[in-house]
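Chemist: Based on what follows, work out the 3D shape:
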Amino acid sequence: MTLFQNTTRRAALFGLGVLLLASQIASAAEIRVITSGAFTEAYKQLIPIYEQASGHKVISAFGASIGNAPDSIPSRFARGEKFDLVILSEGGLEALAKDGKLVKGSRVDLARSQIGAAVRKGTPKPDISTVDALKQTLLNAKSIAYSASASGTYLSTELFPKLGVADQLKDTAKKIMSERVGAVVARGDAELGFQQVSELIYFKELDFIGTLPESVQQTIYFSSALVEGSQEQEAAKHLVRFFTSPAVANIVRATGLDPATSR
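Modeler: Next comes the predicted model:
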């Protein structure tokens, strides 16, 4: 563990200690959480810290914010799987809210995420720094992988048509189901991959080449909400306060996200 990681972990533990002093939760609870991809790396680092200091047990599940893949969050809810807290993109959250799955008014923004691109380590790094360069890179790529979740929906339904390349990419661009785009690019099944920055930067087999140009970037909020009818709502609220506390902000930033302290 690096000095930075040690310092941020101690700060997070201290921040959680302050939260616990104000907590009215008398005994340890089991909190069932499902989270989507972009928040996963931050989540995996924060949960052990939370469990160590709080005594609560967090039971975790993972899935895409949208889509009908078997492990996607909408599919899990449709099957009747039980959770106390859900963390996903704002579009996916709004869809669950409309279906009456979430407690009204319980949304809390946790982080902002942007879309980036990566190639397999050691291969040429294409230019995506301008809109024109991005368009040419898309047209030149022999194979492109993009997420089946929120970022991929934006790319395939908005950005590609806007750039006038949607028809040309029908044979070269592929939506990746139930797997991270980085894994597909890392094993050589796609030349170029697009996904949330936080989902690409942890693949050692990849070279991260940057984010989309600002004028065509999509900034997505990843937010939490309480699940209607859950049994551990107070404990879940306490976990959310930990996720949004200043003490953990550096951990969140290190995973490629911006803490959503304010809109």
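Chemist: alpha carbons only for contacts and neighbour counts from here, please
Modeler: Fine.
Chemist: Got the domain ranges for this structure?
Modeler: Listed domain ranges for the chain are 3-113+221-259, 115-216 (source: automatic domain parsing).
Chemist: Redo the ones you listed as JSON lines? Include mean neighbour count and mean pLDDT.
Modeler: Below are the domains of the chain laid out as JSON lines (neighbours: other C-alpha atoms under 10 Å; pLDDT from 0 to 100):
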{"stretch": "domain 3-113+221-259", "mean neighbour count": "19", "mean pLDDT": "86"}
{"stretch": "domain 115-216", "mean neighbour count": "19", "mean pLDDT": "96"}
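Chemist: In this protein, what residue spans correspond to helices?
Modeler: 3-22, 40-54, 73-78, 90-98, 131-140, 150-154, 160-163, 181-186, 197-200, 233-243, 249-254 (DSSP state H).
Chemist: Turn those into CSV, including distance to Ser215.
Modeler: Converted to CSV, the helices of the chain look like this (distance: least, C-alpha to C-alpha, whole Å):
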stretch, distance to Ser215
helix 3-22, 33
helix 40-54, 27
helix 73-78, 30
helix 90-98, 20
helix 131-140, 8
helix 150-154, 14
helix 160-163, 12
helix 181-186, 23
helix 197-200, 17
helix 233-243, 30
helix 249-254, 23
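Chemist: Tyr221 is nearest to which of these?
Modeler: Among these, helix 90-98 comes nearest to Tyr221, with 5.8 Å by C-alpha to C-alpha.
Chemist: out of the helices of the chain, nearest to Ala28?
Modeler: Ala28 lies closest to helix 40-54 among the helices of the chain, at 7.7 Å (C-alpha to C-alpha).
Chemist: tilt between the closest one and helix 233-243?
Modeler: 110 degrees (axes from the mean of the first three to the mean of the last three C-alpha atoms, to 10 degrees).
Chemist: how far out from the middle of the chain is helix 40-54?
Modeler: What separates the centre of helix 40-54 from the centre of its chain is 15 Å, taken as C-alpha atoms, centre = their mean, to the nearest Å.
Chemist: Make residue 1 into 38 and carry on from there
Modeler: In the new count, where the first residue is 38, that last one comes out as helix 77-91.
Chemist: so what secondary structure elements neighbour that helix?
Modeler: Contacts defined by 3 or more C-alpha pairs under 8 Å, 6 or more residues apart in numbering; DSSP states H and E place helix 77-91 against helix 40-59, strand 94-99, helix 234-237, helix 270-280, helix 286-291.
Chemist: other SSEs contacting the fourth one?
Modeler: It refers to helix 270-280. By 3+ C-alpha pairs under 8 Å, 6+ apart, helix 270-280 packs against helix 40-59, helix 77-91, strand 257-263.
Chemist: go with 10 Å
Modeler: helix 40-59, strand 67-72, helix 77-91, strand 122-126, strand 145-150, strand 257-263 (3 or more C-alpha pairs under 10 Å, 6 or more residues apart in numbering; DSSP states H and E).
Chemist: In its sheet, which strands sit next to the second one, and in what direction?
Modeler: For strand 67-72, the paired strands and their directions (DSSP bridges) read strand 94-99 (parallel), strand 122-126 (parallel).
Chemist: go on, the last one?
Modeler: Paired with strand 257-263 in the same sheet, following DSSP bridges, are strand 122-126 (antiparallel), strand 145-150 (antiparallel).
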